[in-house]
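**Q** sequence first, predicted coordinates after that:
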Amino acid sequence: MEKVWIEDLAEHVGEEVEIRGWLFNKRSAGKIHFLIIRDGTGFVQAVMLKSDLPEEVFNLYDTLTYEDAVVIRGTVRRDKRAPGGYEITLKDLEVYSKSLDTYPIPKVRPENVPDIGKLFKFRHLWIRSRKQWATLRIRDEVERAIHDFFGSRKFVRFDPPIFTPASVEGTTTLFPVNYFEKGEVYLTQSGQLYLEAGAMALGKVYSFGPTFRAEKSRTRRHLTEFWMVEPEVAWATLEDIMELAEDLVVYIVERVLENRRTELEILNRDLSKLEAVKKPFPRITYDEAVRILMEEKEKGRDIDFRYGEDFGSDEETVISERYDRPVMITRYPRKIKPFYMKPDPEDPEKVLCVDVIAPEGYGEIIGGSQREDDYEALLQRIREEGLPEEEYSWYLDLRKYGSVPHSGFGLGVERTVAWMTGASHVREVIPFARTPDRIRP
RNA sequence: GGGUCCGUAGCUCAACAGGCAGAGCACCCGGCUGUUAACCGGGGGGUUGCAGGUUCGAGUCCUGCCGGGCCCGCCA
């Protein structure tokens, strides 16, 4: 008998198959029992008829509790009455191993959903639930789309180091690690500087990996360990990289809509919100964004903002509300952006940068810029920021030996997946979230 | 770092003004041949987060500690 995965059942209608999985739920009407089995790839209902089965098999139903590991054998049928459309007429049931205790997370009763703190305590079990299953499958699709996007454009994946001797951006807090007799090094908070070296060596590169920020940021948009995609392109201007960012986001959304529709439905995601994400994205400057804020303030919105500041999450939301797709904000004041960004030749107080703000309050999903490519200007910025010049000598070399314009950006995977799935917090879209207050499980 | 709210059964929640800790789900037993968060009947289950204090009496009031939620700042 063929062993099959639930996601492939459509190819086995009429056949007798074996499914190995776990008991997700069960219901009975006496002489007919229904089992909902999950095997990781999906969920399927199996029907047990008293009239069809040996008594000892039929009676096994009574002993089943949540998350027992089971092996079932039976015939695959299409059936409108079955959740999911396919059903197994059960012929044989084997309880491979029993749950040893009451399952700590109750199943699918909305009035009975544990509070979020308890769910995270049982995160290792919570990921078996339907919504978490759907969420993590969408995350996989987003990641796969990212690799396919860059692969199809012949980018070379370039893995920057995770141990780094110095801060990339100087401002944010780093996680120190004891590194033999060399003392303290830090977990990376961005691979960007290394990616710039990669772009000069390989032309178009991107990285995909974890980054770490020791910020005690307790918000729905922050993790201390999160994943980031960072492309970096030689000879690219700000405009080039904005187009790349736009294409990437559109492609991710298309792929999720195409391949993860069932999962979006499980999550009750409003598909029209995602279907609206098409080129072109609106492009506004920082100054124009400030004007929008002032207009909203005059309309009576409670906005506390002064020109020259960075936008807080409230401001981002107010601005993004005007659009049905992500909005690109360019040319922020130099003072609130990192040293490596290139000043705008038309207004040296601004830099050639772009932030992409997702709709629906999901905030900044992309931050990017054209990099300072002039040796002297970069050196001066490093000194102004009081950064350790020695640590940046290799980075300055990139401007010493055939410097060219180049640009890149970073896309936050969790924020993007949270937006796709409609999650209320980024910690729900990564298997095991790391926040300032939680390191277990 | 700042603000704010909450800890009662495995889970979600009740418990008047301080007066015998209770219900639904889960679990166990019984019933029901198409259930869809099934349903119906019965049963077991508690050091009310921890440590003190006030009181004849504390889940309830006070103090401290521990654990957690939400919002903001910083960012992706």
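**A** In hand now; what should we look at?
**Q** please make it C-alpha for all contacts and neighbour counts, starting now.
**A** Fine.
**Q** can you give me the helices for the stretch 151-300 of chain A?
**A** For the stretch 151-300 of chain A, applying DSSP state H, counting those that start in this stretch gives helices covering A:192-202, A:238-259, A:261-266, A:271-275, A:286-298.
**Q** let's test this: mean pLDDT of the last one, rounded?
**A** Going back to what we said before, that points to helix A:286-298. Per-residue pLDDT values over helix A:286-298 give a mean of 90.
**Q** buried sites along that helix?
**A** Neighbour counts using 16 or more other CA atoms under 10 Å place A:286-287, A:289-290, A:292-294 of helix A:286-298 among the buried residues.
**Q** tell me what it is packed against?
**A** helix A:313-320, strand A:327-330 (3 or more CA pairs under 8 Å, 6 or more residues apart in numbering; DSSP states H and E).
**Q** of the ones you listed, which approaches RNA strand B most closely?
**A** Set against RNA strand B and scored by CA to the nearest atom of the strand, the helices and strands packed on helix A:286-298 come closest in helix A:313-320, at 4.2 Å.
**Q** what's the neighbour count on A:Ser152?
**A** The number of residues packed around A:Ser152, counting by other CA atoms under 10 Å, is 9.
**Q** typo on my end, it should be A:Ile105
**A** A:Ile105 has 17 neighbouring residues, counting by other CA under 10 Å.
**Q** now distance to RNA strand B too, for the buried residues of helix A:286-298, in a markdown table please.
**A** A markdown table is the format used below for these (distance: CA to the nearest atom of the strand, whole Å):
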| residue | distance to RNA strand B |
| --- | --- |
| A:Tyr286 | 14 |
| A:Asp287 | 17 |
| A:Ala289 | 15 |
| A:Val290 | 14 |
| A:Ile292 | 16 |
| A:Leu293 | 14 |
| A:Met294 | 16 |
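**Q** tell me the contacts of the residue lying closest to A:Pro165 once chain neighbours are set aside?
**A** Taking CA to CA, 6 or more residues apart in numbering as the measure, A:Pro165 lies nearest to A:Val185, with 4.8 Å between them; neighbours along the chain are not counted. Contacts here follow CA atoms under 8 Å, 6 or more residues apart in numbering; on that basis A:Val185 touches A:163-166, A:176-179.
**Q** repeat that for 7 Å
**A** Counting by CA atoms under 7 Å, 6 or more residues apart in numbering, A:Val185 makes contact with A:163-165, A:176-179.
**Q** nearest to RNA strand B: which residue in chain A?
**A** Checked against RNA strand B (CA to the nearest atom of the strand), the nearest residue in chain A is A:Ser217, 2.7 Å away.
**Q** and for A:Lys342, the neighbour number?
**A** Here the number of neighbours of A:Lys342 (other CA under 10 Å) works out to 25.
**Q** quick check: A:Glu372 touching A:Leu379?
**A** No: under the criterion of CA atoms under 7 Å, A:Glu372 lies out of contact with A:Leu379, with a separation of 9.9 Å.
**Q** between these two, which one's more packed in?
**A** When A:Glu372 and A:Leu379 are compared for neighbours, A:Glu372 comes out ahead with 24 against 20, by other CA under 10 Å.
**Q** nearest residue to the more buried one in space, please, no chain neighbours.
**A** Of all residues not flanking A:Glu372 in the chain, A:Lys342 sits nearest, at 4.1 Å (CA to CA, 6+ apart).
**Q** for A:Phe175, what are phi and psi?
**A** Dihedral angles of A:Phe175 (phi, psi; degrees, to the nearest 10) stand at phi -90, psi 120.
**Q** how about the contacts made by it?
**A** When the contact criterion is CA under 7 Å, 6+ apart, the partners of A:Phe175 are A:186-187, A:213-214.
**Q** show me where the stretch 51-200 of chain A dips below the pLDDT cut-off.
**A** Where the stretch 51-200 of chain A drops to pLDDT under 70, the residues are A:108-111, A:166-172.
**Q** what about 50?
**A** Counting by pLDDT under 50, the ranges of the stretch 51-200 of chain A that qualify are A:171.
**Q** which parts of it sit against RNA strand B?
**A** With CA under 7 Å from any atom of the strand as the criterion, the stretch 51-200 of chain A meets RNA strand B at residues A:51, A:62-66, A:79, A:81-83, A:87, A:102-118, A:120, A:171-172.
**Q** what subset of the residues you listed is buried?
**A** For those, burial is judged from neighbour counts taken by 16+ other CA under 10 Å, and it is met by A:64-66, A:82, A:87, A:105, A:120.
**Q** make CSV from the residues you listed and add secondary structure to it.
**A** Converted to CSV, those look like this (DSSP: H, G, I helix; E, B strand; the rest coil):
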residue, secondary structure
A:Leu64, coil
A:Thr65, coil
A:Tyr66, coil
A:Ala82, coil
A:Glu87, strand
A:Ile105, coil
A:Phe120, helix
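**Q** among those, which two are most distant?
**A** Among those, the pair separated by the greatest distance (CA to CA) is A:Glu87 and A:Phe120, at 32.5 Å.
**Q** surely A:Arg157 and A:Val205 touch.
**A** Yes: assessed by CA under 7 Å, A:Arg157 is found in contact with A:Val205 at 5.6 Å.
**Q** between those two, point out the one with more neighbours.
**A** Shown here are A:Arg157 and A:Val205; by other CA under 10 Å, A:Val205 has more neighbours (25 against 19).
**Q** packing partners of the strand or helix carrying A:Met420?
**A** A:Met420 belongs to helix A:413-421 when elements are defined using DSSP states H and E. Applying 3 or more CA pairs under 7 Å, 6 or more residues apart in numbering; DSSP states H and E, one finds that helix A:413-421 contacts helix A:130-152, strand A:225-234.
**Q** show me what counts as buried in the first one.
**A** Meaning helix A:130-152. Taking 16+ other CA under 10 Å as the basis for neighbour counts, the residues of helix A:130-152 that come out buried are A:130-139, A:141-143, A:145-147, A:149-150.
**Q** burial of A:Arg153, as a residue count?
**A** Here the number of neighbours of A:Arg153 (other CA under 10 Å) works out to 10.
**Q** A:Pro160 versus that one, what's the distance?
**A** Here the criterion is CA to CA, to the nearest Å. By it, A:Arg153 lies 20 Å from A:Pro160.
**Q** same thing with A:Glu295?
**A** For A:Glu295, the distance to A:Pro160 equals 43 Å [CA to CA].
**Q** then A:Ser369?
**A** 19 Å.
**Q** okay, those two: which has more neighbours?
**A** For A:Ser369 and A:Pro160, the more surrounded residue by other CA under 10 Å is A:Ser369, and the numbers stand at 29 against 20.
**Q** in what helix or strand does the more buried one lie?
**A** Residue-wise, A:Ser369 maps onto strand A:363-370 under DSSP H and E.
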